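>>> Here is a sequence with its predicted model. Questions after.
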Amino acid sequence: MSIDQRTRLLKDECELGRDEVFDEVIATALRTHGDLAGRGAAYKDALPLGLSVDGRGMTLRVRDGVMVASPGLDDAGVVAEMAEDALSDLVQDSQSTMGLAMTSRVRLTAGDINEWIGWEPILRALLDGRKVHETGDVTFRALDGGPLDLDRSFTIDDDRDEIAHFLTEAGFLHIENVFDEAEMARVADDIDEWIARATPDDGESWWATDEDGLDQAVRVLFFYEKSAALRELVESDRYQWLASLTGDGHVHKGGAEGLVKPLGIVKGLSDLPWHKDCGQGRHSYMCNSMTCGISVTGADRVSGALGVIPGSHRANTMATGRDPKLDLAPRMLETTTGDVTVHCSDTLHRAHPPVERPRKVVYSGFGLPLLPGDEAKPDQRYSRAARAELTDVQDRISAADNPDASRRYTPGRGR
């Protein structure tokens with residue numbers, strides 16, 4: 001029962017030049033996976049993609065069912081301008097199409113942001129051999145071979161094989177009554193304390209704007225270090241057993257973030273739209289990690305419950321937003337105080353906005369160990385400082401978009 005989908009080694013990441021990417025990497029990928037990528041692009045009705053890098057252009061399109069490349073940008077419906085290092089990261093899955101937009105490393109001169117990020121699963125088909133998801137590709141079976149009840153929740157006393165199988169099939173879990181209300185109250189007090197301490201320029205919090213124009217802190221970064229109450233719970237057997245669930249050797253990352261979900265937020269990273277945690281890139285290096293949400297307060301349909309799309313961790317589909325062709329139905333995980341939710345890093349999920357009551361939640365999780373022979377290399381794009389700077393990500397995405405495109409980007413919505 002493995003959820004490990006990694007296909008690349010961190011130690012193999014390197015700096016690739018523009019011509020090396022165009023003439024060798026992409027050319028080889030077209031020979032190897034041109035049919036698979038062509039099928040995916042045709043299924044998604046994707047416009048030809050033009051890559052403009054330091055004065056040289058290349059356009060990817062489908063011809064006779066197969067993806068081909070041609071020089072220049074004349075027939076491209078989507079054109080992305082980027083520097084050589086950004087192209088290198090894109091083809092190596094170090095950053096995704098959305099990841100480049102979020103870090104201001106791409107600018108669209110034709111097409112719009114949705115068409116650009118819609119190419120992500122196609123590029124993964126071309127470069128990594130992952131088939132673009134089509135209707136009917138994902139089905140659900142219980143451990144005994146019967147239909148899987150996707151609305152099922154578990155307790156820590158339930159059969160571990162059944163829990164692991166559900167996670168493998170559905171990509172998420174709802175574990176009830178892991179912690180009690182008194183324990184959650186102590187964690188809630190720590191969240192309140194650090195939210196009150198936060199300032200917009202502290203580099204340790206995310207901020208959002210409500211409908212009255214008030215900016216407020218909504219996320220405490222590095223909360224694991226700040227809350228002794230949380231550390232005690234995360235280090236307990238009631239939580240740590242999740243690491244051994246699939247047999248992949250997951251280990252706790254030693255980090256956490258404390259979130260509040262206020263009412264009436266209209267801008268900022270509070271009520272995140274549909275996304276995968278690998279949506280910025282690195283799916284082939286990290287997936288699947290397990291992200292765990294500790295329900296400090298309960299979350300129901302009026303207080304911002306977590307939404308998940310079962311089976312989406314097995315679907316090479318858009319990692320930011322919900323593809324309108326995706327045939328998998330979403331679920332809302334309604335929790336009570338002390339419950340824990342788990343989702344794979346490649347599972348589409350979202351934060352539904354609370355409409356009657358705010359809520360609090362802590363996110364922590366478990367990552368995969370290094371593969372044999374691999375070695376981690378520091379990457380400033382995933383540093384503490386870079387994490388903090390994501391608070392203005394919506395402005396960066398808007399800046400990357402094409403101002404002349406007829407369709408505008410709306411978080412959480414497709415084309």
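Noted; the coordinates are in hand. Residues are numbered from 1 along each chain as shown.
>>> mind listing the helices for this protein?
18-20, 26-43, 84-91, 97-102, 113-117, 120-128, 160-170, 181-197, 223-226, 228-234, 237-240, 283-286, 384-389, 393-400 (DSSP state H).
>>> Quick one: neighbours of D190, just the number.
Neighbour count of D190, defined by other C-beta atoms under 10 Å: 19. Using the backbone N, CA and C atoms, a C-beta is placed for each residue, glycine as well.
>>> That one against A229, yeah?
Yes: the pair D190 and A229 passes the contact test of C-beta atoms under 8 Å, sitting 5.6 Å apart.
>>> and S289, what does it touch?
S289 sits next to 250, 253, 277, 344-345, 365-368 when contact means C-beta atoms under 8 Å, 6 or more residues apart in numbering.
>>> so which of those residues comes closest to P354?
Distance from P354 was checked for each of the contacts of S289 by C-beta to C-beta. The minimum falls on D277, at 21.6 Å.
>>> How much space separates D159 from R314?
Look at D159 and R314: by C-beta to C-beta, to the nearest Å, they are 22 Å apart.
>>> Then L9?
Looking at L9 against R314, where the rule is C-beta to C-beta, the gap reads 23 Å.
>>> So which of those two has more stuff around it?
For L9 versus R314, neighbours defined as other C-beta under 10 Å are more numerous around R314 (23 against 15).
>>> got the contact list for the closest residue to that one other than its chain neighbours?
Taking C-beta to C-beta, 6 or more residues apart in numbering, and ignoring the residues beside it in sequence, R314 has V138 as its nearest neighbour in space, at 5.2 Å. V138 makes contact with 311-312, 314-315, 328 under the criterion C-beta under 8 Å, 6+ apart.
>>> can you check E176 too?
Going by C-beta under 8 Å, 6+ apart, E176 touches 153-155, 335-336, 339.
>>> and the protein, what are its domains?
Structurally, the chain divides into domains by automatic domain parsing as follows: 10-128, 160-377.
>>> Dump those into CSV; add mean pLDDT and distance to D149 as well.
Conversion of the domains of the chain to CSV gives the following (pLDDT from 0 to 100; distance: least, C-beta to C-beta, whole Å):
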stretch, mean pLDDT, distance to D149
domain 10-128, 97, 29
domain 160-377, 96, 9
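>>> sorry, back to before: JSON lines please, covering the helices of the chain and showing distance to A76.
Putting the helices of the chain into JSON lines (distance: least, C-beta to C-beta, whole Å) gives the following:
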{"stretch": "helix 18-20", "distance to A76": "17"}
{"stretch": "helix 26-43", "distance to A76": "13"}
{"stretch": "helix 84-91", "distance to A76": "15"}
{"stretch": "helix 97-102", "distance to A76": "15"}
{"stretch": "helix 113-117", "distance to A76": "11"}
{"stretch": "helix 120-128", "distance to A76": "14"}
{"stretch": "helix 160-170", "distance to A76": "38"}
{"stretch": "helix 181-197", "distance to A76": "46"}
{"stretch": "helix 223-226", "distance to A76": "44"}
{"stretch": "helix 228-234", "distance to A76": "48"}
{"stretch": "helix 237-240", "distance to A76": "49"}
{"stretch": "helix 283-286", "distance to A76": "25"}
{"stretch": "helix 384-389", "distance to A76": "31"}
{"stretch": "helix 393-400", "distance to A76": "17"}
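>>> Which stretches in the stretch 201-350 of the chain count as strands?
Along the stretch 201-350 of the chain, the stretches classed as strands by DSSP state E, counting those that start in this stretch are 205-210, 215-220, 251-252, 257-261, 265-268, 290-295, 306-308, 331-333, 340-344, 349-351.
>>> rewinding a little: what score does the residue nearest to R314 have for pLDDT?
The confidence metric pLDDT takes the value 98 at V138.
>>> What distance do you get for it to G17?
The span separating V138 from G17 equals 38 Å under the rule C-beta to C-beta.
>>> May I see the domains of the chain arranged in a markdown table, with distance to A142 as well?
Supplementary listing: the domains of the chain in a markdown table, determined by distance: least, C-beta to C-beta, whole Å:
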| stretch | distance to A142 |
| --- | --- |
| domain 10-128 | 28 |
| domain 160-377 | 7 |
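>>> returning to what we had before: neighbour-wise, which one of the contacts of V138 leads?
Neighbours here are counted as other C-beta under 10 Å. On that basis the top member of those is S312, with 29 neighbours.
>>> Surely that one touches H343?
No: between S312 and H343 no contact is recorded; they are 9.5 Å apart, counting by C-beta under 8 Å.
>>> joint contacts of these two?
In terms of C-beta under 8 Å, 6+ apart, S312 and H343 are both contacted by the residues G171.
>>> how many neighbours does the spatially closest residue to D189 that is not a sequence neighbour have?
Excluding the flanking residues, the one nearest D189 by C-beta to C-beta, 6+ apart is A229, at 7.7 Å. In terms of burial, A229 registers 16 neighbours under the definition other C-beta under 10 Å.
>>> Check whether A229 really touches M184, as I assumed.
No: contact status for A229 versus M184: not in contact, 9.2 Å apart, counting by C-beta under 8 Å.
>>> Of the domains of the chain, which is nearest R396?
Closest among these, using C-beta to C-beta: domain 10-128, at 5.1 Å.
>>> How far off centre is that closest one?
Between the centre of domain 10-128 and the centre of its host chain there is 20 Å, according to C-alpha atoms, centre = their mean, to the nearest Å.
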